[in-house]
Every structure is written in structure tokens, then in C-alpha cells.
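# sequence first, then the predicted structure, then my questions.
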Amino acid sequence: MKHKNWWTDCVGYVIYPQAYMDSNNDGFGDIQGIISKLDYLRDLGINLIWLCPIFASPMEDNGYDVKDFYSIAPEFGTMDDLKALIAGCHERGIRLILDLPLNETSDEHPWFQMAIRDPESKERGYYFFRKGIRDGDNLNPPNNWMGYNGISTWTRVGDTDDFYFHLFAVKQPDLDWSNPEVRQEMAHVACFYLDMGVDGFRLDAMAHLSKDKSFSPSTLPTDSRGLVLDAPKFSNRPEVYDYLCDFRSKLSRPDACLIGEAGGGITPEQAAHVADRENGPISMVFNFDTAWNNNGYGGIEKRPEEIRTDVILLKHNFERWYNICSEHADMPLYWCDHDHPRVLSQYGSTVFRNESAKCLLTTLLFLYGTPFIYYGDEIGMSNVTYEKPEDFFSDSAQRSEIANLRAAGYDDERITHYLNRASRVNSRTPMQWDRGPNAGFSTKGSVNKVNMNYLQGVNVFDQMRDPWSILNFYQYAIWKRRDPAINRIVNEGKLEFLDHNNPDVIAYIHRGEEKLIVISNFREYDVSFDFYWQISDVILHNYDTVLLENHVFHLRPFESFLLKVRGNM
Ligand code: NOJ
């Protein structure tokens with residue numbers, strides 16, 4: 001019997017605070033805005049919020065670049081606002097976890113400022129400084145590593161011979177977690193918020209907490225600038241486990257939920273180890289293996305027909321993680337977050353917005369694990385149709401990419417077309433509340449321009465009044481997911497995928513005393529699906545008639561079912 005942690009009874013919801021609700025009409029979403037929507041969230045049925053970073057920050061990376069972990073960015077509000085948010089959540093039975101960027105700080109953080117000012121300071125040892133390599137009159141960076149923003153991981157310190165290391169933007173120097181004082185400092189931050197009542201953290205960029213400190217050059221082929229992204233040099237290295245054990249041992253609340261964000265190719269075996277229910281230092285691992293299973297990542301050259309949901313791959317990835325992890329570790333589930341385009345535009349369809357939004361929810365919600373819904377997916381929000389590359393400039397990673405694309409000779413029309421499909425800014429537009437200016441988010445405007453489809457029914461106000469809306473389906477489905485009897489089957493029944501090689505349909509079963517089956521057509525066209533069980537209940541369905549004849553389901557575009565079934569298959 002797997003032992004039970006509180007988050008296994010949760011349905012989570014991700015809030016990108018800058019874009020959620022602006023209470024003071026300065027164009028920037030804030031904590032009071034979130035508080036004003038807590039009743040909406042309670043009624044939606046979620047009971048866990050992951051809040052993207054709210055700490056004081058120059059906002060180079062929209063809050064992932066922290067300059068003071070002990071104060072709240074004035075754009076978002078005050079510490080009292082956070083306390084009110086915690087209380088407001090708890091009064092409504094909602095837990096709150098904060099996003100903690102602990103792999104790096106802003107270059108405006110006092111630690112980094114001191115490290116630059118005084119090479120003898122203890123803070124110098126909080127970061128990675130290395131000498132550049134002299135080549136005649138030139139001073140080259142210490143090695144050829146490229147970071148995740150498509151630039152060198154090294155930036156020179158003034159006109160000295162020293163460089164500092166950053167995996168992301170120039171303004172985000174990485175912390176050296178092999179330094180026990182860094183771990184102590186970050187645990188202190190975590191305890192400060194746990195003691196305030198926060199229920200846990202998303203550990204941002206957890207995968208990258210350890211680097212190959214020899215900083216030896218990569219031997220992989222480099223690009224025209226002599227750079228290469230060699231992930232194993234700074235991803236999921238064995239020391240991450242030890243650092244996290246140390247971090248966890250210093251926390252004031254053993255029931256804190258720690259969800260590690262692990263890119264860089266983490267394996268399910270590594271995730272099962274680090275999140276092991278008995279003695280792993282963290283609670284769950286967010287992996288990226290089910291994101292971009294449509295060949296949609298990067299690729300400005302890709303033609304539309306090359307971008308197509310790979311249903312077989314998706315099933316394979318969900319199943320592989322389930323098979324390896326679930327016995328040992330709890331798992332979070334999500335389609336996409338603030339680092340991806342909108343899921344509806346990736347795996348769903350704006351033509352079949354209503355059907356595909358419901359289909360995506362049903363498919364995800366009843367897999368094993370704690371599901372996380374990304375804000376706006378509950379009304380079917382989709383990618384933008386911006387007009388120029390500058391519309392994406394709020395994101396530093398995007399600015400670097402645009403500069404690289406322009407340098408490579410792409411014109412702005414082509415770049416814009418590509419970003420409207422692939423940019424993560426797509427998921428950072430204002431939440432669409434109603435038909436008022438800026439979709440009711442703010443009268444002032446917003447960091448990223450609102451998606452105009454709020455005028456075509458993609459907003460909360462209209463959908464609340466439509467019994468067949470995506471929003472009403474979400475509400476009903478989430479309450480079903482939280483029904484203790486269903487939660488037990490989902491978390492304790494054996495999950496098996498059906499018809500693995502079917503290229504169009506995702507179907508799975510939870511076997512146990514009772515059986516639940518999900519069947520979802522991921523295509524814009526009709527398909528058929530063989531079915532030999534006896535249906536005892538149609539719990540969820542996104543069409544109003546069922547086409548089942550001679551053991552064959554006739555599935556219409558994005559048709560999706562959650563069924564309770566009998567039968568011995
Ligand atoms: C991961 C966050 O999810 C992403 O938004 C951010 O840009 C990077 N960490 C760097 O902080």
C-alpha cells in the first residue's frame with residue numbers, strides 16, 4: 001500500500017501572477033488581484049495553487065531573477081498581501097506553494113553586488129567566477145558552453161580577466177550549491193515562508209543545481225560562434241541529490257511539498273530516486289517528456305505539416321514515467337506551463353476549441369498523479385496572433401532568440417509567424433475574465449498584449465453563463481476527479497494504456513475492483529476505436545450523443561470519454 005501524502009488529494013492550478021488579475025490598474029497583475037479571484041478558484045474545484053515567483057526582482061526574467069528573497073516585488077504587492085493570500089487560500093481549503101528560483105539570483109542581488117565589489121568576500125564563493133583565456137589581445141570566456149538562452153554561459157566582469165557563470169540571462173548569475181553557506185541561505189529563505197504558512201515550493205531549475213566544476217570545454221560540435229549546449233555538464237548530476245537532502249533536512253516543516261522542476265533530460269529512474277516516498281528529499285518531479293510531443297520545439301524552418309501531435313509518443317512517455325516512478329514516488333501531471341505555448345494550440349485545435357479543451361482535460365486529469373491546470377486553460381485560452389517580434393520582448397530568452405534569428409537572416413514576418421506558434425509568451429497573456437477592456441484583467445493594459453479572442457467567448461463571464469462551456473465542464477470534471485472513490489481508483493488502480501500503436505487515440509484503463517477508462521480522439525477528424533467492456537457509467541463526455549455499435553466507438557473530432565466499466569479484459 002502506497003503511503004499517502006496530502007498532495008495526492010489535490011488538483012493544482014498554476015498562476016502566472018503578472019498576467020492573472022490586476023487589482024490596482026497599473027497593468028501588472030498582483031496578489032490582491034489573485035485574492036479577489038479565490039472564490040472563483042474554490043468554485044472551480046482546485047485545492048492547490050502553484051504561484052510563479054513574486055519576490056523582489058528587476059523582472060529581467062519576469063521574477064525568476066530575484067534580488068531580495070525576503071521581500072515581495074512592489075508590482076505584486078506587499079508581505080501583508082502574501083499573508084492575506086495564504087489565509088484566504090487556507091480558509092477555502094486551498095494549499096499554496098511558491099515558485100522558488102534557487103539556482104540563480106539577479107545580478108542586482110546584494111550577494112552578487114558584493115561578489116563583484118570584493119573578490120575576497122564570502123559572497124564571491126556563492127557564485128562561479130573563472131578566469132578568461134587569453135588569446136593575443138583577446139580574452140575568451142573560460143569555455144565553450146552555451147546556456148538555455150542561446151548565449152555563452154559566461155559574462156566578463158568589467159574589464160577584469162574574470163567571468164561569471166549564468167545558465168540563463170546575463171543578469172542571472174548561477175549560485176554555487178556545492179557551497180554549504182548557499183544551501184544554508186536558501187533553506188533559511190524556505191523556512192521563512194514555511195513558517196508564514198506556505199505549504200511548499202516548486203524548486204525552479206532544480207536539475208541544474210550542480211555543474212561540472214572542472215568547467216572543461218565540451219567536445220560536442222559547436223555552432224558558428226563556437227558554442228554548444230551540452231546539458232550533462234550542468235543537468236541532473238549526482239550531487240543534486242545530496243544538495244537536496246541537505247536542503248530538506250534544514251526545513252522547518254516535514255510535510256512541505258517540494259516539486260522539483262527537472263529539465264535537462266532527467267530520467268524517470270532519477271526522478272523516482274530523488275522523490276522516493278520513503279526517503280527522497282523532495283516530493284515530486286516535473287519532467288518535460290510529455291511537452292512538445294508534436295515536433296513543435298524551436299524550428300523556425302518547420303512547415304505546418306511537420307508539426308503534428310505524436311499520439312504514440314505521448315502514450316509511451318506517460319506510460320514509461322508511470323511504470324518506473326509510481327511504485328516509489330508521487331508524480332505531478334501537467335500539459336504545459338509558463339515556459340510553453342498554450343496546450344490548446346499544440347495538442348488541441350482552435351477550430352474545435354470546445355471539444356479539444358475538454359478532451360485535453362479529461363485525458364490528463366485521470367492519469368496517475370497530482371494534476372496541474374495552467375491558468376486560462378479552463379476557458380480554452382490559445383496562442384496569440386501578434387504582429388511583430390517586439391510584441392514578444394517582455395521575455396529576455398525571447399529577446400536573445402530574436403537577436404539570433406535576425407542575425408541568421410530571418411525577416412521579421414517569418415520570426416513573428418514562428419513565435420506566434422512556439423513562443424512561451426503565448427502562455428503569459430492576461431487571463432480573460434470578461435468582455436471589458438483588456439478582457440477585464442486591467443484598465444491600464446498589460447505586459448503582454450491580451451489575446452483578442454476574449455471577444456469571441458474565450459472569457460470567464462460568458463462561459464459561466466453557458467452550461468456547455470469549457471469552464472463548466474472543467475468544474476464538473478475537477479469535482480469528479482476529487483471524489484474520494486474516483487481518486488482512490490486513479491491513485492491505487494493499476495494504470496495501463498490501451499491500443500499503444502493507435503496513432504490517433506489516447507486510451508487508458510485503471511484496473512482495480514472498479515475500472516475506469518479514458519478514451520480520447522486527438523484528431524480533427526473522425527476515427528474508430530474497438531471496445532469490449534460493458535459501460536456502467538458515462539462519467540464525462542464532450543458530445544451529446546454516443547456512437548457505439550458492434551463494439552466499435554465512432555469518435556468525432558476530439559471526442560473524449562471517462563467511463564466506468566465492467567468486464568474481464
Ligand atoms: C525555469 C523557469 O520556469 C523559467 O521561466 C525561467 O526562465 C528559468 N527557470 C530561468 O530562471
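Everything's here; your move.
# CA only for contacts and neighbour counts going forward, please
Noted.
# now the strands for the stretch 151-300 of the chain?
If you assign secondary structure with DSSP state E, counting those that start in this stretch, the strands in the stretch 151-300 of the chain sit at 154-156, 162-165, 200-204, 257-261, 284-286.
# ok, now the stretch 451-569 of the chain?
494-498, 505-511, 515-521, 527-530, 534-541, 548-549, 552-555, 560-566.
# strand partners of the longest one, parallel vs antiparallel please.
Read that as strand 534-541. strand 560-566 (antiparallel) (DSSP bridges).
# quick one: contacts of the partner strand?
With contacts defined as Cα atoms under 8 Å, 6 or more residues apart in numbering, strand 560-566 is touched by 358-359, 362-363, 514-521, 533-542.
# quote the end-to-end distance of stretch 59-71.
Length of stretch 59-71, first residue to last, Cα to Cα, to the nearest Å: 14 Å.
# which parts of the stretch 1-150 of the chain are strands?
12-15, 48-51, 55-56, 68-72, 95-101, 129-131, 133-135, 138-140.
# other residues contacting the last one?
Right, strand 138-140. So strand 138-140 is contacted by G132, I133, R134, D161 (Cα under 8 Å, 6+ apart).
# one more time with 10 Å, if that's ok
By Cα atoms under 10 Å, 6 or more residues apart in numbering, the surrounding residues in contact with strand 138-140 are K131, G132, I133, R134, W154, R156, D159, T160, D161, D162, F163.
# please name whichever of the strands of the stretch 151-300 of the chain is nearest to the ligand.
strand 200-204 (5.4 Å; Cα to the nearest ligand atom).
# can you tell if the closest one touches the ligand?
Yes - with Cα under 6 Å from any ligand atom as the criterion, the ligand is reached by strand 200-204 at D204.
# what helices or strands is that strand leaning on?
Counting contacts by 3 or more Cα pairs under 10 Å, 6 or more residues apart in numbering; DSSP states H and E, strand 200-204 packs against strand 48-51, strand 95-101, helix 180-196, strand 257-261, strand 284-286.
# highest mean neighbour count out of these?
Compared across those, strand 284-286 shows the largest average neighbour count, a mean of 26 (mean count of other Cα atoms under 10 Å).
# and the nearest residue to L455 once chain neighbours are set aside, what does it touch?
Leaving aside its chain neighbours, L455 sits nearest to R435 (5.9 Å; criterion: Cα to Cα, 6 or more residues apart in numbering). When contacts are counted by Cα under 10 Å, 6+ apart, R435 touches F441, M452, N453, Y454, L455, Q456, G457, V458, N459, V460, F461, D462.
# let's verify R435: helix, strand, or coil?
Using DSSP: H, G, I helix; E, B strand; the rest coil, the structure places R435 in coil.
# where does it land on pLDDT?
Note for R435: predicted pLDDT of 98.
# quick one, helices of the stretch 351-500 of the chain?
Taking DSSP state H, counting those that start in this stretch, the helices of the stretch 351-500 of the chain run over residues 353-365, 396-407, 412-422, 460-464, 470-482, 484-492.
# was I right about L229 contacting N144?
Yes - if you go by Cα atoms under 10 Å, L229 and N144 touch, sitting 8.7 Å apart.
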